[in-house]
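Undergrad: pasting a predicted model and its sequence here:
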Amino acid sequence: MPRKLKQEQKTISSRFIFLSFLGKIVLLSAFFSGICQAEEQFSFDLEEFEKKPLEWGGYAELKWDHTKINNNSVFSQLNLADNSDSTLDQYSGTLQFDGSYTVNNSTFNWLLQASGSQDDIGWYDTADVFEAYASLKPTPVVTISLGKKSYKWGKGYAWNPVGFLNRPKDPNNPEESLEGFITAEADLVKSYTGDLQTVALTAVALPVGEYFNEDFGEYHNVDLAAKLYLLYRDTDIDFLFLSGNSRSERYGFDFSKNLATNFEIHGELAYVPDQKQITIQNDGSLLSKEVSAFSSLLGIRYLTENDITSIIEYYHNGGGYSEEELEGFYQLISDGNTRFNETGLDDQLNTARQLSLQGYSRPQPGQDYLYARITKKDPFDILYLTPGITAIYNLGDESISLSPEIAYTGVTNWEFRLRFTYLDGKSFTEFGEKLNSNKVELRIRFFF
């Protein structure tokens, strides 16, 4: 639905209270960081290498986004119909806190995150428990966990077709923390001598109810997942499985192999026998169907002698929409906008909004993509500087997202990143119909 102006009666100071709080944290952190660096001396203490019962960390972040709106795009018509601005500025702050506490063979782990943002439309804030789970290790080969845990199944960098318990990644920020699910888990690990070096079995039970894991699927079910890991001749191999009534049954396989010290190859294959999908017919009606979806990923990671890292991946999304199906969705929005302007009726736009929530507006809704990320460490002998570029190319409609960036970590515990994202594509293509045509991001993080 179009976003409405929120809480117009609030003063500017009240809207920015969270950002001001984060700003003070960042400034105080800079002050104490400078003091610590000035007093730092070389020392050697064996106690520093001992694992402490309590370990914690996190970061405070300030971020500015300047977005150029693509006013002619269908998603602009769908979501910003009441906003004629050509640009959108957003200021946001995030505080993340993670850690663990260990007593004997038991460990409690947590990952908390709170964020707030102010843009030209309104103020938004959220606070989430990403992880909070306890682990018990009764024997050296068995570990039992209970609580909210984030899963990272799969070997892909930008996408994970076999990530049956994963939250979807943002390919532009694939290493960011993601919220987990409440689960009960058991791990069994055995080591051997010979070609087969390690075998590990992970079994997970994931309940779904009205107040927990509610976005995983249908309520009042318990889904079961398993992963069998093998380290065979220095090759990482996983066999994965998910069964239950909240989501359809699915099977997966992945692998990762270092062909040389600086060259790695990885891949994933997932099969979903009955994946539900809603599509638009030529007459504008909706069709709900089940498809047998094969999804796959093949990628490489290569590091050159002069510290250039290249990650390249091909991703086939068997459960995605074809080029024709996406064009039909974009046409529905365009026709609905024309109908609304001429008659005031918004039935087609409401249908499009419903379809948008059911999959059409998710990141990378198409079927075939090429991903590339290239970074260079310390160019021209400038220490702690890392420029890079990320590209996501839709092979179906030939639209593209390009994101050059530069990061600097020369100040202890600090990271500064500047990124520009440019989207290009014809009408009725994925990146040609996005809400924005380009965006500038400046991010400052202090790690503690």
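TA: Perfect, I can see it now. Residues are numbered from 1 along each chain as shown.
Undergrad: every contact and neighbour count from this point should use C-alpha atoms.
TA: Will do.
Undergrad: how much space separates the residue nearest the centre of the chain from Glu179?
TA: By Cα atoms, centre = their mean, the chain has its centre lying nearest to Lys169, at 2.5 Å. Distance of Lys169 to Glu179, given as Cα to Cα, to the nearest Å: 11 Å.
Undergrad: quick revisit: OK, contacts around the residue nearest to the centre of the chain?
TA: Ala158, Trp159, Leu178 (Cα atoms under 8 Å, 6 or more residues apart in numbering).
Undergrad: 10 Å - rerun?
TA: Applying Cα atoms under 10 Å, 6 or more residues apart in numbering, we find Lys169 in contact with Lys152, Tyr157, Ala158, Trp159, Asn160, Glu175, Glu176, Ser177, Leu178, Pro363.
Undergrad: and Gly156, how close does it get to Phe253?
TA: 12 Å.
Undergrad: now the residue nearest to the centre of the chain, what's its secondary structure?
TA: Assigned with DSSP: H, G, I helix; E, B strand; the rest coil, Lys169 falls in the coil class.
Undergrad: again, but for Tyr369
TA: strand.
Undergrad: surely it and Ser401 touch.
TA: No. Contact criterion Cα atoms under 10 Å: Tyr369 and Ser401 do not qualify, at 11.1 Å.
Undergrad: so who does the nearest residue to Thr87 once chain neighbours are set aside touch?
TA: The shortest distance from Thr87 to any residue other than its chain neighbours is 4.4 Å, reached at Lys68 (Cα to Cα, 6 or more residues apart in numbering). Contact partners of Lys68, counting by Cα under 10 Å, 6+ apart, are Asp85, Ser86, Thr87, Leu88, Asp89, Tyr422, Leu435, Asn436, Ser437, Asn438, Lys439, Val440.
Undergrad: and the pLDDT for Lys68?
TA: Confidence at Lys68, expressed as pLDDT, is 94.
Undergrad: quick check: it is in a helix.
TA: No. The assignment for Lys68, made by three-state DSSP, is strand rather than a helix.
Undergrad: still on that earlier bit, let's have the contacts of Lys169 in a markdown table, adding neighbour count.
TA: Shown next, in a markdown table, are the contacts of Lys169 (neighbours: other Cα atoms under 10 Å):
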| residue | neighbour count |
| --- | --- |
| Lys152 | 18 |
| Tyr157 | 21 |
| Ala158 | 24 |
| Trp159 | 24 |
| Asn160 | 25 |
| Glu175 | 11 |
| Glu176 | 9 |
| Ser177 | 16 |
| Leu178 | 20 |
| Pro363 | 12 |
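Undergrad: just the ones in strands from those residues, please.
TA: Using DSSP state E, no member of these falls in strands.
Undergrad: before we move on, back to that, quick one, which of Gly156 and Phe253 is more surrounded?
TA: Gly156 (29 against 22; other Cα atoms under 10 Å).
Undergrad: for Ser296, see how far away the more buried one is.
TA: Going from Gly156 to Ser296 by Cα to Cα gives 10 Å.
Undergrad: and if you look at Trp64?
TA: 35 Å.
Undergrad: still on that earlier bit, out of the contacts of Lys169, who's nearest Leu201?
TA: Lys152 (15.2 Å; Cα to Cα).
Undergrad: contacts only, for that closest one.
TA: Asn160, Val162, Gly163, Phe164, Leu165, Asn166, Arg167, Pro168, Lys169, Leu178, Gly180.
Undergrad: kindly reformat those residues as CSV containing distance to Tyr271 and pLDDT.
TA: Putting these into CSV (distance: Cα to Cα, whole Å; pLDDT from 0 to 100) gives the following:
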residue, distance to Tyr271, pLDDT
Asn160, 13, 97
Val162, 9, 98
Gly163, 12, 97
Phe164, 11, 97
Leu165, 15, 97
Asn166, 16, 96
Arg167, 18, 94
Pro168, 17, 92
Lys169, 19, 93
Leu178, 24, 95
Gly180, 23, 97
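Undergrad: out of those, which comes closest to Gly194?
TA: Top of the list for closeness to Gly194, among the contacts of Lys152 and by Cα to Cα, is Val162 at 28.1 Å.
Undergrad: hang on, the closest one packs against Ala226?
TA: No. Using Cα under 10 Å, Val162 makes no contact with Ala226, being 11.4 Å away.
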